[in-house]
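> dropping a prediction and its sequence here:
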Amino acid sequence: DLYYVAEQTDYGVNTFALDKNWLTTLTASDASLREYFQPLLTHGVTAIAPALFMLLEVGENETIVPSSYARIARDMGLDIVPWTLERSDALA
């Protein structure tokens, strides 16, 4: 339980949420992303751990820019610890 870890243990100051909800978050509006992150902050989570591809998108002139997900998370004060393909679930 997230509340127990964040509030009742010595590990609480280091809690982060492993986020694999890319289908939901990649198409979400900024307002929806704020609603998505708020319960984490309420329970004392200090960082999120999404897949690296969730943090980037193609901007103007085909440059790589932070995704809405990344911008909103940082704006709300969350640290970000990305993971790559090596961490992914089975691909087959």
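That came in fine, so what should we check first?
> does Arg74 touch Ser68 like I think?
No: Arg74 lies out of contact with Ser68 (Cβ atoms under 8 Å); the separation is 10.9 Å. For every residue, glycine as well, the C-beta is placed using N, CA and C.
> tell me the bridge partners for the residue nearest in space to the middle of the chain.
Nearest to the geometric centre of the chain sits Ile48, at 4.0 Å (Cα atoms, centre = their mean). In this entry, Ile48 is beta-bridged to Ala17, Ile80, by DSSP bridges.
> now for it: which residues touch it?
By Cβ atoms under 8 Å, 6 or more residues apart in numbering, Ile48 lies in contact with 16-17, 19, 37, 40, 73, 78-81.
> need those in CSV with distance to Ile64, pLDDT and neighbour count, can you?
Formatted as CSV, the contacts of Ile48 follow (distance: Cβ to Cβ, whole Å; pLDDT from 0 to 100; neighbours: other Cβ atoms under 10 Å):
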residue, distance to Ile64, pLDDT, neighbour count
Phe16, 24, 77, 15
Ala17, 24, 83, 19
Asp19, 20, 84, 21
Phe37, 22, 94, 22
Leu40, 26, 89, 21
Ala73, 17, 97, 26
Leu78, 21, 95, 19
Asp79, 20, 94, 12
Ile80, 15, 95, 18
Val81, 19, 91, 12
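> just those residues now: which is nearest Leu26?
When these are compared for distance to Leu26 (Cβ to Cβ), Asp19 wins out at 11.3 Å.
> just to revisit the earlier point, need the max-distance pair from the contacts of Ile48.
The span of the contacts of Ile48, defined through Cβ to Cβ, is set by Phe37 and Val81 at 14.7 Å.
> I'm done for today, thanks for sticking with me.
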